[in-house]
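Engineer: my questions concern the predicted model and sequence given below.
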Amino acid sequence: MTAYKKFLLTWLVIMVIGFLIIFSFLYVSDQFVLPFLLFIFISQIFLSKIICPNCGAPVTYQGKIAGTRIYGGFLHRKCRACEWDLNKDLSGDR
Ligand SMILES: [Zn+2]
């Protein structure tokens with residue numbers, strides 16, 4: 001499975017779990033800020049585990065702005081660090 005497909009799949013799972021968490025919190029209380037922040041935090045951890053097979057940069061890496069590394073939930077087809085096509089399967093990837 002390519003890094004690109006892994007990212008899409010992880011996003012899908014996170015979205016389903018995230019909505020379940022947020023709606024269940026809304027059901028018991030009107031507090032949704034805390035579970036929402038927790039959800040963002042946890043999703044960032046999972047998404048940053050998916051890395052570019054060529055250079056090892058997380059797929060959440062968005063490039064540098066004013067010398068600061070920016071990470072986010074947006075996926076690019078090409079690695080922002082080395083321009084590797086993230087939807088390309090490696091021969092050794094089984
Ligand atoms: Zn790369």
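Structural biologist: Arrived safely, thanks for sending.
Engineer: residue ranges with poor pLDDT in the chain?
Structural biologist: 90-94 (pLDDT under 70).
Engineer: which parts of it sit against the ion?
Structural biologist: Selection of the chain residues close to the ion by C-beta under 5 Å from the ion yields 52, 54, 55, 57, 79, 81, 82, 84. Quick note: C-beta positions are derived from backbone N, CA and C, even for glycine.
Engineer: so which of those wins on neighbours?
Structural biologist: Among the residues of the chain next to the ion, the one with the most neighbours (other C-beta atoms under 10 Å) is residue 79, at 22 neighbours.
Engineer: show me the contacts for that residue.
Structural biologist: 52, 54, 55, 57, 59, 61, 85, 86 (C-beta atoms under 8 Å, 6 or more residues apart in numbering).
Engineer: ok, residue 88 - how many residues close by?
Structural biologist: 14.
Engineer: that should have said residue 67, apologies.
Structural biologist: Neighbours around residue 67, by other C-beta under 10 Å: 5.
Engineer: likewise the one 5 residues further on?
Structural biologist: When neighbours are counted by other C-beta under 10 Å, residue 72 registers 11.
Engineer: give me the distance between it and residue 58.
Structural biologist: 10 Å (C-beta to C-beta, to the nearest Å).
Engineer: over to residue 67?
Structural biologist: For residue 67 relative to residue 58 (C-beta to C-beta), the value is 18 Å.
Engineer: what's the answer for residue 30, then?
Structural biologist: Separation of residue 30 from residue 58 (C-beta to C-beta): 35 Å.
Engineer: more neighbours: these two, which one.
Structural biologist: Between residue 30 and residue 58, counted using other C-beta under 10 Å, the more crowded position is residue 58 (20 against 7).
Engineer: no further questions, thank you.
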